[in-house]
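K.L.:
sequence? don't have it. structure:
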């Protein structure tokens, strides 16, 4: 009887240990639209490695690159529902569901990339993070996506008048549509994958994006004028589903937050190097690049965009002013 009891106890103990092990070991699934050697992707792998190391393997993270888990809008919704555990996203698409995130999509709201870093790592980032948490998403780190500028196949853009009549592809966000329309251009929201052929066939005249995107997609082959308006400096977010985050222990939550911030520091360094390399490639490929001597006329043209945004979101006036008034 004693032997039977001992055997039964051993079996129960083994099962409990196995169950505890399976509960403790957890793999997070992550979404990423970029290829594996992109700065974002490398930083996400660094995030995963730090989480695994600091939790002793109890928590691991696997990133699925190249958008294999679906489109960005679908992935954001899956993140909110807890189907996906984490991912890296532009704040632009979040604007439709998180008004606070839409603030950074206002044209010319940041004066420079360094200023964006400082503000997003401080009170501005905290305010946006609170809005995102309330809608099921926990920001872990703010990534750099550079400054977006216009490119087209027709002419250089030096003043708002040069945008008049041009058909410009924009991301699907009313702010971006109004931005182009405020300069009498024709804004055309469409999937990013369709831009090359659309410029080539004349469906649109151009688009707007950062140098690595302009270069890596070969858009410079069909749109040879790149005008550095730097009208949008939209941070990106390494984010986690709040449902997944809330399942972690307090210690794991701290590790995930710190690893997210560390990955953002790495990504920013990698991004700056990639941006410089991309500019060399497009210029060697025959692109005409022009800087904007005076952005004042562009900023003045955006007044209707700001007025409309604040009229629709009066509670965000303080946040907008916090950014615009920052040095």
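P.N.:
Received the coordinates, thanks. Since this is a predicted model, take the numbers as computed values, not measurements.
K.L.:
Would you map out the domains in the chain?
P.N.:
26-146+235-276, 148-233+288-324 (automatic domain parsing).
K.L.:
Please identify which of those domains is closest to residue 282.
P.N.:
Checking these against residue 282 by Cβ to Cβ gives domain 148-233+288-324 as the closest, at 4.4 Å. (Each C-beta comes from the backbone N, C-alpha and C, glycine too.)
K.L.:
Now render the domains of the chain as a markdown table, adding mean pLDDT and mean neighbour count.
P.N.:
A markdown table is the format used below for the domains of the chain (pLDDT from 0 to 100; neighbours: other Cβ atoms under 10 Å):
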| stretch | mean pLDDT | mean neighbour count |
| --- | --- | --- |
| domain 26-146+235-276 | 95 | 19 |
| domain 148-233+288-324 | 95 | 18 |
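K.L.:
What segments of the stretch 201-327 of the chain are strands?
P.N.:
Secondary structure of the stretch 201-327 of the chain (DSSP state E, counting those that start in this stretch): strands at 206-209, 225-232, 236-241, 288-291.
K.L.:
before we move on, the earlier item: format the domains of the chain as a markdown table; extra columns: distance to residue 282.
P.N.:
What follows is the domains of the chain, written out as a markdown table (distance: least, Cβ to Cβ, whole Å):
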| stretch | distance to residue 282 |
| --- | --- |
| domain 26-146+235-276 | 11 |
| domain 148-233+288-324 | 4 |
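K.L.:
the longest helix in this protein is where?
P.N.:
Longest helix in the chain by number of residues, with DSSP state H as the criterion: helix 250-284.
K.L.:
Run through the neighbouring helices and strands of that helix.
P.N.:
Contacts defined by 3 or more Cβ pairs under 8 Å, 6 or more residues apart in numbering; DSSP states H and E place helix 250-284 against helix 39-54, strand 59-64, strand 137-143, helix 211-216, strand 236-241, strand 288-291.
K.L.:
gap between that helix and the chain center?
P.N.:
Put simply, helix 250-284 sits 11 Å off its chain's centre (Cα atoms, centre = their mean, to the nearest Å).
K.L.:
Would you mind measuring from the closest residue to residue 286 other than its chain neighbours to residue 190?
P.N.:
Excluding its sequence neighbours, the residue lying closest to residue 286 (Cβ to Cβ, 6 or more residues apart in numbering) is residue 224, at 6.2 Å. Residue 224 sits 20 Å away from residue 190 when distances are taken as Cβ to Cβ, to the nearest Å.
K.L.:
Pop out the phi and psi values for residue 124.
P.N.:
Backbone geometry at residue 124, expressed as degrees, to the nearest 10, gives phi -60, psi -50.
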